[in-house]
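**Student:** sharing a sequence plus its predicted fold:
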Amino acid sequence: MGDLPPVAARREYEHRMATKDERLAVLAALVGGNGLRLGTSDGDLDALEGWYLAEVEPDAEAAARPRPLWIAVAYDLGLHVGDTIVARAPGLSWTFYRSRMGARDVSHQQPVIMGFTRLRNKRYNVDPFLFTVGTGGSRLAGRDAHGSFRAFVDSAVGYA
């Protein structure tokens, strides 16, 4: 979305937010079929992360990148992680982020969480989608990513 014209990127953001509940329902069914609950407690986040780290598969051309199917799952996980942050820190919200750096900022024109009051930088944001894809990539690269979901959520809530 970072390279799209601003109007098109905004429309895509609005579409993503309008379909968020539907995507989360599909994710809930997927993880439910694996014996998990899509909840916001620490235990639920730990179980969800454990499942994701155990199941994520590498892309055929780039072993440290999740394959496209898992990038789609990571997107939905990012929606859930973002909603968990917002639920725990109600002053935060999903926002369409336009960076002053433009497309050089990986979160430019992306759905991010904003509204942090404990930081001087009022444009500070967290990008749950980038985070979940990166967590899968870390695992695929052989790095220990356990505890990442909870640490990400706790950090964001701490800065709320």
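**Tutor:** Sure, I can see it.

**Student:** where does the prediction get shaky in this protein?
**Tutor:** Applying pLDDT under 70 to the chain flags no residue at all.

**Student:** what helices and strands are in contact with the lengthiest helix in the chain?
**Tutor:** Criterion DSSP state H: the longest helix present in the chain is helix 68-88. Counting contacts by 3 or more C-beta pairs under 8 Å, 6 or more residues apart in numbering; DSSP states H and E, helix 68-88 is packed against helix 20-32, helix 42-55, strand 93-97, strand 110-114, helix 128-140, helix 148-159. All C-beta atoms are positioned from the backbone trio N, CA, C, and that covers glycine.

**Student:** would you convert these into TSV that also reports distance to residue 78 and mean neighbour count?
**Tutor:** Converted to TSV, those look like this (distance: least, C-beta to C-beta, whole Å; neighbours: other C-beta atoms under 10 Å):
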stretch	distance to residue 78	mean neighbour count
helix 20-32	10	14
helix 42-55	11	16
strand 93-97	11	18
strand 110-114	8	22
helix 128-140	4	22
helix 148-159	10	18
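
**Student:** same list, the ones you listed, but as a markdown table with distance to residue 122 please.
**Tutor:** Below are those laid out as a markdown table (distance: least, C-beta to C-beta, whole Å):
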| stretch | distance to residue 122 |
| --- | --- |
| helix 20-32 | 24 |
| helix 42-55 | 27 |
| strand 93-97 | 12 |
| strand 110-114 | 8 |
| helix 128-140 | 19 |
| helix 148-159 | 12 |
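
**Student:** between these, which one is nearest to residue 76?
**Tutor:** Of all the helices and strands packed on helix 68-88, helix 20-32 sits nearest to residue 76, with 4.1 Å by C-beta to C-beta.

**Student:** next, the angle from that closest one to strand 93-97.
**Tutor:** With axes from the mean of the first three to the mean of the last three C-alpha atoms, to 10 degrees defining the directions, helix 20-32 sits at 110 degrees from strand 93-97.

**Student:** residue 82: which of the helices and strands packed on helix 68-88 is closest?
**Tutor:** Per C-beta to C-beta, nearest to residue 82 of the helices and strands packed on helix 68-88: helix 128-140, 3.9 Å.
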